[in-house]
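**Q** Return atomic coordinates for the entry below.
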Amino acid sequence: MKEVKSVGATGWIRRHPLLIVVVVLLLVDLILFVEVFDRGQGKLRVSFLDVGQGDAILIEAPNGNQLLYDAGPPSGATLRALGRELSFWDDTINVTVFSHPDMDHIGEFPEIFRRYDVGVAVLSGASSDNGAHEASEIAIKNEGAGRLIAMQGMQIDFGSGVLADIFYPNHDASQMETNSASIVMRLHYGETSFLFSGDLPKNIEKYLVGLHGNALRSNVLKIGHHGSRTSTSEEWLRTVDPEVAVISAGKDNRYGHPHKEVVELLERLEISTLKTPEEGTITFTSDGKTITRE
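**A** Okay, here's the model as predicted:
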């Protein structure tokens, strides 16, 4: 009787190398299919990225089109966050919006333009001598991306029924103080909406309330200027009437953001508030009728 020899896993792999390759490829295809299927399903996805003391918001439409509103400081945090949020093969961002040229909002854009293929850059028209503004302009030119100056009435169509309306600036902002030139953009999908306003100060908030009134109303509001007392008036909050407010700021930042006055106002108006220094990246999905926190 012949001795039966045991064939270990290593020996079996050596005898069937092509089969192993096929199995690995099938598993990779399955993983990719599950990820794409799960992230689709008719959902809009809005992620308030945790980038420390700054702003960066990634918007993904159901059809896969993407917009990045601001890019945070030049610390590498936004690139790392995008690496976690986007699929590893995804090297395209369709639209970038530079709310205003302060370092904590656009500092990472030059690196993002080097890492990703960007289609269009939308700017407020304001300028700064902080170095990040000039570096971003060079990055846009080198990329060959489209360059547009935001203006009231402009609309960004993502497809799949997702639209972003520019409410402000409504005039030439080239000579304006940077915060006062912040792009105000309202994103809407079906019955759901999100409002972004950079570091817009209270006096411009008041101006926009008088100009647009209830058209500003949104389910989710990104709180201006990281929760600084210079933004977020009671009149603004009552007009926008959000269900949820999001504050993006660095943990234990030297500015004391968010300021106590803003936090207490949000509490008094019973607006649910989420903060990136406490929560990390904050993501919502919308099916056009309901917004859900991931």
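**Q** So which residues make contact with stretch 171-178?
**A** Residues from elsewhere that reach stretch 171-178, judged by C-beta atoms under 8 Å, 6 or more residues apart in numbering: His100, Pro101, Asp102, Ser124, Gly125, Ala126, Ser127, Ser128, Pro169, Ser180, Ala181, Asp199. Using the backbone N, CA and C atoms, a C-beta is placed for each residue, glycine as well.
**Q** Would you format the residues you listed as a markdown table with neighbour count, distance to Thr283 and secondary structure included?
**A** What follows is those, written out as a markdown table (neighbours: other C-beta atoms under 10 Å; distance: C-beta to C-beta, whole Å; DSSP: H, G, I helix; E, B strand; the rest coil):
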| residue | neighbour count | distance to Thr283 | secondary structure |
| --- | --- | --- | --- |
| His100 | 27 | 24 | coil |
| Pro101 | 24 | 27 | coil |
| Asp102 | 24 | 24 | coil |
| Ser124 | 26 | 26 | coil |
| Gly125 | 20 | 30 | coil |
| Ala126 | 25 | 29 | coil |
| Ser127 | 18 | 33 | coil |
| Ser128 | 15 | 30 | coil |
| Pro169 | 23 | 29 | coil |
| Ser180 | 19 | 30 | helix |
| Ala181 | 27 | 28 | helix |
| Asp199 | 24 | 23 | coil |
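**Q** ok, those vs Arg114, which is closest?
**A** Using C-beta to C-beta, the shortest approach to Arg114 within those belongs to Pro101, at 18.7 Å.
**Q** Relative to Leu123, how far out is the closest one?
**A** Per C-beta to C-beta, to the nearest Å, Pro101 is found 8 Å from Leu123.
**Q** and the residue most central in space within the chain, what are its bridge partners?
**A** Here the mean C-alpha position of the chain is nearest to the C-alpha of Ile57 (C-alpha atoms, centre = their mean), at a distance of 1.4 Å. Beta-bridge pairing of Ile57 under DSSP bridges involves Phe48, Tyr69.
**Q** For it, give me its contacts.
**A** Counting by C-beta under 8 Å, 6+ apart, Ile57 touches Val46, Ser47, Phe48, Leu49, Leu68, Tyr69, Asp70, Phe196, Lys222.
**Q** Check Ser180 too.
**A** For Ser180, the contact set (C-beta under 8 Å, 6+ apart) comprises Ala173, Leu200, Pro201, Asn203, Ile204.
**Q** Ranking helices and strands of the protein by mean pLDDT, which lands last?
**A** Comparing every helix and strand of the chain by mean pLDDT, DSSP states H and E singles out helix 17-39 as the least confident one, with a mean of 43.
**Q** hmm, back to that, for the residue nearest to the centre of the chain, give me the pLDDT.
**A** Ile57 is assigned 98 on the pLDDT scale.
**Q** quick one, what contacts Gly76?
**A** Contact partners of Gly76, counting by C-beta under 8 Å, 6+ apart, are Glu108, Glu111.
**Q** Can you list the low-confidence ranges for the stretch 51-200 of the chain?
**A** Per-residue confidence of the stretch 51-200 of the chain (counting by pLDDT under 70) places no residue in a weak region.
**Q** And Glu235, its phi and psi?
**A** With angles defined as degrees, to the nearest 10, Glu235 sits at phi -60, psi -40.
**Q** Quick one: neighbours of it, just the number.
**A** Other residues within reach of Glu235, judged by other C-beta atoms under 10 Å, total 12.
**Q** If I look at it, what pLDDT would I see?
**A** Here, the pLDDT recorded for Glu235 equals 98.
**Q** Please report the distance of it from Val263.
**A** In this view, Glu235 and Val263 are 18 Å apart by C-beta to C-beta.
**Q** and if you look at Glu143?
**A** Taking C-beta to C-beta as the measure, Glu143 and Val263 are separated by 39 Å.
**Q** who's Thr92 bridged to?
**A** The bridge-partner assignment for Thr92, based on DSSP bridges, gives Asp117.
**Q** So what's the residue count around it?
**A** In terms of burial, Thr92 registers 13 neighbours under the definition other C-beta under 10 Å.
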